[in-house]
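# build me a model:
(chains A, B, C and D, ligands or ions: 4)
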Amino acid sequence: MTTMTVGAAINAGLRKAMEDDDKVLVMGEDVGVLGGVFRVTDGLQKDFAEGRVVDTPLAESGIVGTAIGLALRGYRPVCEIQFDGFVYPAFDQIVSQLAKMRARSGGRLALPVVIRIPVGGGIGAVEHHSESNEAYFAHTAGLRVVSCSNPDDAFHMIQQAINSDDPVIFYEPKRRYWEKGEVLTSPTRGLHDAAVLRSGTDCTLVAHGPTVKTALAAAAAAEEDGFSVGVVDLRSISPLDTETLRNEATSSGRVVIVHEASTFVSIGSEIAASISESCFYDLQAPVLRVGAYNMPYPPASVEDDFLPDVDRVLAAVDRSLSY
Amino acid sequence: MTTMTVGAAINAGLRKAMEDDDKVLVMGEDVGVLGGVFRVTDGLQKDFAEGRVVDTPLAESGIVGTAIGLALRGYRPVCEIQFDGFVYPAFDQIVSQLAKMRARSGGRLALPVVIRIPVGGGIGAVEHHSESNEAYFAHTAGLRVVSCSNPDDAFHMIQQAINSDDPVIFYEPKRRYWEKGEVLTSPTRGLHDAAVLRSGTDCTLVAHGPTVKTALAAAAAAEEDGFSVGVVDLRSISPLDTETLRNEATSSGRVVIVHEASTFVSIGSEIAASISESCFYDLQAPVLRVGAYNMPYPPASVEDDFLPDVDRVLAAVDRSLSY
Amino acid sequence: MTAPTRLDAYVDGPRADSEGRPMFQLIAPDGTLTNAGEQLGVSVELAQELYSDMVLARRLDQEALSLQRQGELSLWLMSWGQEAAQVGSIRALRPSDMVFPSYREHAAALCRGISPADLMRQWKGSSHSGWDPKGPRFHIYSLVLGTQTLHATGYASGAVMERTDEVVATYFGDGAASQGDVNEAFNWAAAGSLPVLFFCQNNQWAISTPTTIQMRTPLHVRAAGFGLDAYHVDGNDVMAVHAVTTLATERIRDGGGPALIEAQTYRFGGHSSSDDPKRYRSDDEVAGWELRDPLRRMETFLRGANAGDEFFDALAQEADTFAATVREQCKGLAGADLGDLFDRVYVDAHPVLDEERLAHAHHLTTLGSEN
Amino acid sequence: MTAPTRLDAYVDGPRADSEGRPMFQLIAPDGTLTNAGEQLGVSVELAQELYSDMVLARRLDQEALSLQRQGELSLWLMSWGQEAAQVGSIRALRPSDMVFPSYREHAAALCRGISPADLMRQWKGSSHSGWDPKGPRFHIYSLVLGTQTLHATGYASGAVMERTDEVVATYFGDGAASQGDVNEAFNWAAAGSLPVLFFCQNNQWAISTPTTIQMRTPLHVRAAGFGLDAYHVDGNDVMAVHAVTTLATERIRDGGGPALIEAQTYRFGGHSSSDDPKRYRSDDEVAGWELRDPLRRMETFLRGANAGDEFFDALAQEADTFAATVREQCKGLAGADLGDLFDRVYVDAHPVLDEERLAHAHHLTTLGSEN
Ligand SMILES: Cc1ncc(C[n+]2csc(CCOP(=O)(O)OP(=O)(O)O)c2C)c(N)n1
Ligand SMILES: Cc1ncc(C[n+]2csc(CCOP(=O)(O)OP(=O)(O)O)c2C)c(N)n1
Ligand SMILES: [Mg+2]
Ligand SMILES: [Mg+2]
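Ligands and ions are numbered 1, 2, ... in the order given. Coordinates of the predicted model:
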């Protein structure tokens, strides 16, 4: 067990995966000498052969498209998209090719490609650098979508994602890159298992990636006011660990989902729909969603107001409890 | 009042819009001499100046990107995407530019661009030609997303979409292009109003575009079995007419959503989440969803099994009634 | 064949001006040798092989089209007219060279040993693709235009890492060349000096859109600008295509980096069995191209070169047998089974699909019991 | 200035080979006239104007960078080193010519009358863009690389429909040139013969990625392949940039179709205020380019051309005043108000946002009452 930041944990996980399997490649814009704009791939090019850590031309469709070609040849490419808002030029390659290749080939081909995306707001960035676009990929059949929230998961989940024979969109919580935590030697959970970080009898918060910390803070605050509020870290967005969600929802009877993305047609919608269906007789209140207002991510000077914070989460918990 | 097909009604609506405003342009692949692969723009290039009906190079990002440039100059471009599965190369221009330009410019710029997309399955087509991708655009703040299901709406909604100063994704139900119906001289509703096609006291079906007909058939079949099942045609997917949905859900107490898209993180998820919240005390059963299985659209030989049909809808109604 | 150094003199040349290079030809439309053909010589044996390939490919088209008319296929996209471009190029590759086709490369696919059944199942709606690419080293068809050029480019970068002397070939059309992906692939392959052969069948049309709307300069001129080794060939002259492809692939194998071949050809039929080309192009234009039919010219050449009736008779018989096979294989194609598909979306288990597989099976049972 | 016919002789030339054309220069790095400069002559008056623009632009960078260090700006992307490329080109356009910049075109923006405040607000996090494009005919910055080149292309097709003699200019970097969108724009503009001027500031780097990774041939060679009228210029020679842009735009206005200018320049600073360029490039490289500093060369030239101390003193004073304005304007920039933004997403009313506006306002009230 060692202590490291989320960013360093992903770096260590990549390194481990590259050591374990020489078919693992890292590719993307500025991932080599620079080590990526967040330094997540720092030192990898130096320590592995250059061909295994590739600075690519500046073209996201090209990154994913060539990664597909490499995967068809037996490699396991890990692509970095520099910022969430720059994944869209690759959308066609992701949605029509990466996601569908196995089905299109009648199950003959597999594309073990990982696409790493630093996601979300909270770092004072300019436009297109703070987006939460999980819903697009979660809605796309053929992909797996995961989201880590802490160093231990960061370290293990990146390796599990690389080991997956299916394509995985791997979200990294940008504003949590520098947060420290303990990393265990072996993984405690599978890639697609949710984690119950705390159990609650009054209400359950469901979060993933950057909002897990917010949810934990809100739960702690609620506890001071005498309420028992649980927190589930989804970890996997597609597939969802519906069993864990159902169990927690059933036992608390109240659920509030917290994510940075806009709520309209979102992961929150899916969880609310699914829990409302599976726990119909057990819910004391409707499932509530706390997320972005349905507008493009605003200028940084207002992002603190915009991002779901403890106050907005607690307000939703109050509302839930009022039913 | 005249009778025409859905395809002809869109053609007539485009013609009317072009006559009314010479800033309206039609552009896309094969929309000129050929009149589009579905002949929706048939005859327009002949009857208007060539510059107003433009056969473009084969590049969807180019189509949307240049339409944005034209809109910045005061035009109202109507872009045709040849098939649903070919919109993804334009995804970045749609999501980062078209949708966000107004917000990015602090409300100074407007982009009155319409993107027409023939959508859905049921015509025995090969891969990429039968997709239902409304959820991607509905999740995108800054866009409006509508879906017509009959000739009257086709005729009026395309004009309303063109008149909108905001960008509109306009879905056309491919397998209904050849169905006939009456077209009134004036529109009966606003672009974003849902239509209650029949009221039901036992259950309400919510559909849009191609599945409206399926829902109506299911409701008729249920009536024969003695159940009063209503049908709401959403018409607008973003924004949703939540008031109408709430009213119908409240009065019947049971809702089943029917769409061709996969259900995971879908329009159905959003409607289920929203109704479950707003009608918490009024629902007799959880909101159920009938949609595609979460796989890429399958080969045509199984599409009849794959598409939500009357049987699957009735099974869901049964399930709803069993609560 | 002649020494490549000799071929160079004919094939290389200026390509920067907007007109581009004249297209290389060995056999003229009337079946006589061109000047280059005279100088370089043409192997009659090879000509017979390639001609046979073309005849079978055309026969597949004819049969498939009539099967479509009979309702046995939902759709068919003809390679009719483009046989020389496809056969000449694929036969110049090594069988070990990987190929990423678009969707009209039936003639090339047949040369790689892909069966008519496997070629037709996609267009019958039985599956989304027909074959396992690993055997024939021929990837499944890509219908989203141009996407396959990036897959080829990535695949080729693997070849460089492994220090093989493979060439990775990719086919695409004049229309597809307007897509961002294709240009990203040109650039990526050029910047990385990757062993990719970009093969454009410029059949003059992208559905109803002529090349004049797609581009200002010939594609081989554009390609040269990216730093690709670029060639211009008469795509209806199978010997010329073969010669140029041989030269281009030799240079690629020698480490020269990627190349592009622009083959001028013509789509004799509609874009697909659903298209009516009379809506957008003139009979005169078609008639003009018919004079340049790749098969007719080779037949005349071969008859002139004394390939006897025996050869043609044997071939005609082979084609008839093949046609019967095509019909039989088509009729034997079964539809898909939705239940099977749930297992073919992901490699590893997936709870959502597992649940849906059960729901679907349950639904079928319920339906069955109701009826 | 000299007659364009004279300039042609220096500017046009072969560009097909992988090396491309030599870059056009009027003033050498040491401030002396080149051979072309001698022959064609250089207007000292124009030189003074352009030099003044450059000095102010550099001053903006210096001030903004130190404001960023003081925490007054979140981020700053410097045009430092690229002043000549920007000033020389924008000043050769007509004020009525629309411009679609990327995100580093502060020097160009200043020439279009955009205030420092408007340039800085985006980097303070106050807004996503600083100005209304209609006045300065300068579109808001585009941060998603290359997207603006298609906007420019569409805008230019409107100019053709309206039969104006506008030129639509768009700026982008060497890295952005690898994007599909940029290549689609080259092709689209060329195929349609649209009045677009593509202006690439090749500053040798895309963050840490050198141009050698982006492309095999110089961009002006690639552009010529698409059928663009392509130019290669020393982007650190403001007079040469001005002359080449003047020639290119005249040809565009004459109906010659789109052009591309590749300006060789250098980003003296990091990619942004957050970047540490020492991680990926050598001090030697930077030192080499410092000898080619666009301002220093013009100062030497102007001193040689007898622009007196008066001119330099007045300019220094203007720059100091300007610097004070920059600081003042920056500190005066207010943050945004989230409440206002709900109205700026759609033109027409939108129920979801209406509801959220109320929810947000309500939330603020509740918070207020709790505290
Ligand atoms: C991205 C994308 N856009 C549109 C289409 C629809 N479409 C299919 S084929 C075709 C024309 C292709 O022309 P070309 O590339 O010249 O190939 P050809 O059909 O002539 O062989 C079009 C527009 C598509 N398949 N993919
Ligand atoms: C589509 C997209 N991908 C990635 C980025 C992140 N990014 C911002 S600037 C930059 C480098 C751009 O280099 P270049 O085009 O040469 O312009 P320069 O910064 O040198 O002016 C990158 C990779 C982006 N803004 N947009
Ligand atoms: Mg073609
Ligand atoms: Mg650069």
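# tell me the spacing between the residue of chain C found nearest ligand 1 and chain B.
With CB to the nearest ligand atom as the measure, the residue in chain C that lies nearest ligand 1 is residue C:173; the distance is 2.4 Å. C-betas here are computed from N, CA, C, even on glycine. Using CB to the nearest CB, to the nearest Å, residue C:173 is found at 9 Å from chain B.
# for that residue, give me its contacts.
Residue C:173 is in contact with C:102, C:104, C:145, C:200-203, C:206, counting by CB atoms under 8 Å, 6 or more residues apart in numbering or on different chains.
# can you rerun that using 10 Å?
B:58, C:82, C:102-104, C:145-146, C:182, C:200-206, C:211, C:214, C:267 (CB atoms under 10 Å, 6 or more residues apart in numbering or on different chains).
# ditto for residue C:362
The contact partners of residue C:362, taken as CB under 10 Å, 6+ apart, are residue B:315.
# assign a three-state SS to it, would you?
Classification of residue C:362 using DSSP: H, G, I helix; E, B strand; the rest coil returns helix.
# read off the pLDDT value for it.
As summarised for this prediction, residue C:362 has a pLDDT of 92.
# likewise for residue C:368?
In the prediction, the pLDDT value recorded for residue C:368 is 72.
# that one in helix, strand or coil?
The assignment at residue C:368 comes out as helix when based on three-state DSSP.
# and it, how many neighbours?
A total of 8 residues lie near residue C:368 under the criterion other CB atoms under 10 Å in any protein chain shown.
# the residue of chain C closest to ligand 1 and residue D:134: what is the separation?
Look at residue C:173 and residue D:134: by CB to CB, to the nearest Å, they are 41 Å apart.
# just the ones of the contacts of residue C:173 in strands?
Using DSSP state E to define strands, the subset of those located there is C:200-202, C:205-206.
# which of those residues count as buried?
C:200-202, C:205-206 (16 or more other CB atoms under 10 Å in any protein chain shown).
# start to end distance for stretch C:155-173?
Start and end residues of stretch C:155-173 are separated by 20 Å (CA to CA, to the nearest Å).
# can you give me how far that stretch is from the chain middle?
Stretch C:155-173 has its C-alpha centroid displaced from the chain centroid by 17 Å (CA atoms, centre = their mean, to the nearest Å).
# ok, and does it reach over to ligand 3?
Yes - residues of stretch C:155-173 contacting ligand 3 under CB under 5 Å from the ion: residue C:173.
# would you mark the buried spots in that stretch?
Counting neighbours by 16+ other CB under 10 Å, one finds that the buried residues in stretch C:155-173 are C:155-159, C:166-173.
# ok, and which of those residues reach ligand 4?
Here nothing survives when these are matched to ligand 4 using CB under 5 Å from the ion.
# redo the residues you listed as a markdown table? Include distance to residue A:109 and secondary structure.
Below are the buried residues of stretch C:155-173 laid out as a markdown table (distance: CB to CB, whole Å; DSSP: H, G, I helix; E, B strand; the rest coil):
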| residue | distance to residue A:109 | secondary structure |
| --- | --- | --- |
| C:155 | 12 | helix |
| C:156 | 18 | helix |
| C:157 | 18 | helix |
| C:158 | 15 | helix |
| C:159 | 18 | helix |
| C:166 | 19 | coil |
| C:167 | 21 | coil |
| C:168 | 16 | strand |
| C:169 | 19 | strand |
| C:170 | 17 | strand |
| C:171 | 19 | strand |
| C:172 | 20 | strand |
| C:173 | 24 | strand |
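# how about stretch A:258-265 and chain D, touching?
Yes - for a cut-off given as CB under 10 Å from any CB of the partner chain, stretch A:258-265 has contacts with chain D, namely A:262-264.
# tell me how far the residue of chain C closest to ligand 1 lies from residue D:251.
32 Å.
# before we move on, back to that, and the buried ones among the ones in strands among the contacts of residue C:173, which two are furthest apart?
Across those, the two members that end up farthest from each other (CB to CB) are C:200 and C:205, 13.3 Å apart.
# pull up the overlap in contacts between these two.
In contact with both residue C:200 and residue C:205: C:173-174, using CB under 10 Å, 6+ apart.
# could the buried ones among the ones in strands among the contacts of residue C:173 go into a markdown table alongside distance to ligand 3 and pLDDT?
Supplementary listing: these in a markdown table, determined by distance: CB to the ion, whole Å; pLDDT from 0 to 100:
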| residue | distance to ligand 3 | pLDDT |
| --- | --- | --- |
| C:200 | 9 | 98 |
| C:201 | 7 | 98 |
| C:202 | 7 | 98 |
| C:205 | 5 | 98 |
| C:206 | 5 | 98 |
